[in-house]
Structure formats: C-alpha cells, structure tokens
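Enquirer: compute the structure for the input listed below.
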Amino acid sequence: MNARLSPRPTTVATAGLQLRQLRRQASLSQLDLALLTGVSQRHLSCIETGRAKPSPATLHALLMALEAPLEQCNSVFLAAGYAPRYGASPLNSPSLEAIRGAIGHVLQANNPAPAIVLGSQWQVLAANASTAALFGLLGLPVDAADELNLLVTLLQPGGLGDYLLNAEEIRTVAWQRASREALENPELATLLASLPTPSGPALLSNEFPPLVMTRIDSPEGELSFLSTFTTFGMPLDITVASLRIEHLIPADPLTWQVMTRAYERSLVTPS
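Expert: Residues are numbered from 1 along each chain as shown. The predicted structure is shown next:
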C-alpha cells in the first residue's frame with residue numbers, strides 16, 4: 001500500500017501546457033481566466049499553444065489567478081525560459097521577521113487552548129504554552145511539544161495517538177490528508193511510507209457531529225477539541241505558503257476548565 005504514495009513522475013512540459021492544465025484543474029475557461037487577469041482571450045490562447053511567450057508579469061498574473069502552488073509556479077517560469085521567481089526562505093531569516101511576529105501573536109492569543117505551527121512535512125515548528133501544558137497533563141515530555149512531527153506522533157505507537165479515544169478516526173483523517181499532500185511532496189511521501197498505516201476507517205455512529213473531534217483520554221477526564229487551521233494569505237515565499245497553524249479549541253466546558261488550569265499552572269515559575 002505504501003508503494004502507491006511514491007511521488008508522481010515528472011515530465012517536461014511547456015509553460016503553455018502547464019498553464020492549460022492548471023486552468024482546467026481550476027475549472028476555468030479561457031474566457032474566465034482572461035476576465036480575471038485582464039489578459040485577452042486571444043493572447044491567452046496563443047500562450048497555451050506556444051505561439052506567444054508571456055512576459056514574467058503576465059505569467060505571475062495568470063498563476064496567481066489560478067492559485068497555483070508556488071513550486072508549480074517556479075516550474076512554469078523555468079519552462080518559459082525565466083529564472084524561478086519564488087524562493088523558500090528559512091523561517092529564521094530576517095525577511096520573515098514579520099511572519100515570525102505574527103505567528104508568535106497567534107500562538108499567544110490562542111492560550112489557554114493549544115496551538116502548533118506545522119511545516120510542509122508536518123513538523124512542529126513552534127507551539128504555545130498550552131500545548132506544553134497538555135503534554136505535561138498526559139505525561140508526555142513537555143520539551144518535545146515543539147520538537148516533534150505531528151504525523152509521527154499520531155501514527156507511531158508511544159506518541160500522542162495512544163491517548164486518543166478515537167485514535168483510528170483521527171489517524172485515518174491524518175493519513176488521508178498527508179497522502180494527498182504527498183502526491184506533490186516527495187519528502188512527505190518518504191516519511192509517510194515509513195509510518196504504520198491506519199487499520200481502516202472507524203465505525204460510524206448513527207449521529208454525525210458537525211466535524212471530527214479530537215478526543216483525548218486525560219487523567220482529568222475526556223478532553224474534546226475542535227480543530228481549525230490558520231494560513232497566510234497571498235504568500236510569495238514557498239516557506240510561508242507551507243506554514244499552517246493548527247488550533248485545538250476546547251469543545252465543552254470541562255475541556256476549557258482543564259486547559260485553563262493546566263495553562264495557569266504552566267505560568268508558575270518553579271522556585
């Protein structure tokens with residue numbers, strides 16, 4: 001089964017062919033895309049068939065309208081004879097200072113609910129104090145909260161997945177999401193192939209909640225969380241585009257009470 005997660009084989013395609021594929025994936029006609037970008041339909045047709053070479057500005061406008069992944073955008077620029085336009089800056093680089101500041105603000109604002117920052121390989125790049133408090137409550141290493149891989153700790157025995165009351169449900173959701181992402185991410189595909197596959201879909205009850213809850217078995221009772229994600233709008237850097245902040249929002253009064261107490265205890269400096 002893991003063999004199917006190998007990255008798709010790549011083939012050399014012209015810039016026009018790649019644009020046409022992206023446009024069709026977006027379910028847009030040439031006229032639709034022309035109206036969105038201000039590029040004439042005739043010129044767009046010539047670009048797609050290779051009869052005209054687009055300028056870098058035209059390529060940028062088309063690709064942004066198509067919401068193409070930045071790695072794919074670089075491929076189109078290369079195929080058109082231009083240098084790749086979008087870089088992947090290290091998160092600690094000076095150019096991403098505002099990004100780091102925004103991340104820190106969002107993480108702090110989410111307390112007393114846990115929140116983590118994930119990279120393209122599901123690695124935890126940062127976590128707030130409530131995440132460490134939750135780990136401490138479960139008896140997991142507190143200093144590991146921002147040094148782990150979420151996919152690994154969910155799927156491998158001995159990690160956070162062992163504390164989930166609906167472990168197979170969460171593991172299946174995580175596996176499916178990562179599998180989709182791995183189709184365009186060779187490094188993630190390699191990681192996923194090394195991890196155990198969930199045993200199968202969980203049994204469904206007759207009542208469906210509005211969304212899948214993360215249900216944790218803690219010493220203070222069952223904790224239930226809603227999961228939401230924050231991403232950066234209009235990214236022009238591959239690193240920024242890959243970042244997502246997962247918020248675990250308590251779904252009931254008990255979970256709020258437990259997390260509030262755990263977070264407040266974490267703020268007390270040991271004497």
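Enquirer: domain ranges for this protein?
Expert: What the record gives for the chain is the domain set 2-79, 94-266, from automatic domain parsing.
Enquirer: quick check, Ala13 in a strand?
Expert: No: under the criterion used here (DSSP: H, G, I helix; E, B strand; the rest coil), Ala13 is coil, not part of a strand.
Enquirer: just checking, it touches Ala79?
Expert: Yes: when contacts are counted by C-beta atoms under 8 Å, Ala13 is listed as touching Ala79 (6.5 Å). Glycine gets a C-beta too; all of them are placed from N, C-alpha and C.
Enquirer: so for those two, which sits in the more crowded spot?
Expert: For Ala13 versus Ala79, neighbours defined as other C-beta atoms under 10 Å are more numerous around Ala79 (17 against 14).
Enquirer: and the residue lying closest to the more buried one once chain neighbours are set aside, what's its pLDDT?
Expert: Among residues not flanking Ala79 along the chain, Ala15 sits closest, at 4.1 Å (C-beta to C-beta, 6 or more residues apart in numbering). Model confidence at Ala15, expressed as pLDDT, equals 93.
Enquirer: distance of Ala15 relative to Pro56?
Expert: When C-beta to C-beta, to the nearest Å is applied, the distance between Ala15 and Pro56 equals 11 Å.
Enquirer: between those two, which has more neighbouring residues?
Expert: Counted by other C-beta under 10 Å, Ala15 and Pro56 do not tie: Ala15 has more neighbours, with 22 against 12.
Enquirer: pretty sure the more buried one sits against Val76.
Expert: Yes: taking contact to mean C-beta under 8 Å, the distance of 5.0 Å between Ala15 and Val76 places them in contact.
Enquirer: what is in contact with those two at once?
Expert: Contact with both Ala15 and Val76 is made by residues Leu59, according to C-beta atoms under 8 Å, 6 or more residues apart in numbering.
Enquirer: and the helices in the stretch 101-250 of the chain?
Expert: Counting by DSSP state H, counting those that start in this stretch, the stretch 101-250 of the chain has these helices, from start to end: 129-138, 150-155, 167-182, 186-193, 238-242.
Enquirer: quick one, the third one and helix 186-193 angle?
Expert: The one in question is helix 167-182. Using axes from the mean of the first three to the mean of the last three C-alpha atoms, to 10 degrees, the direction of helix 167-182 lies 150 degrees away from that of helix 186-193.
Enquirer: and helix 167-182, what does it pack onto?
Expert: If you count contacts as 3 or more C-beta pairs under 8 Å, 6 or more residues apart in numbering; DSSP states H and E, helix 167-182 packs onto helix 150-155, helix 186-193.
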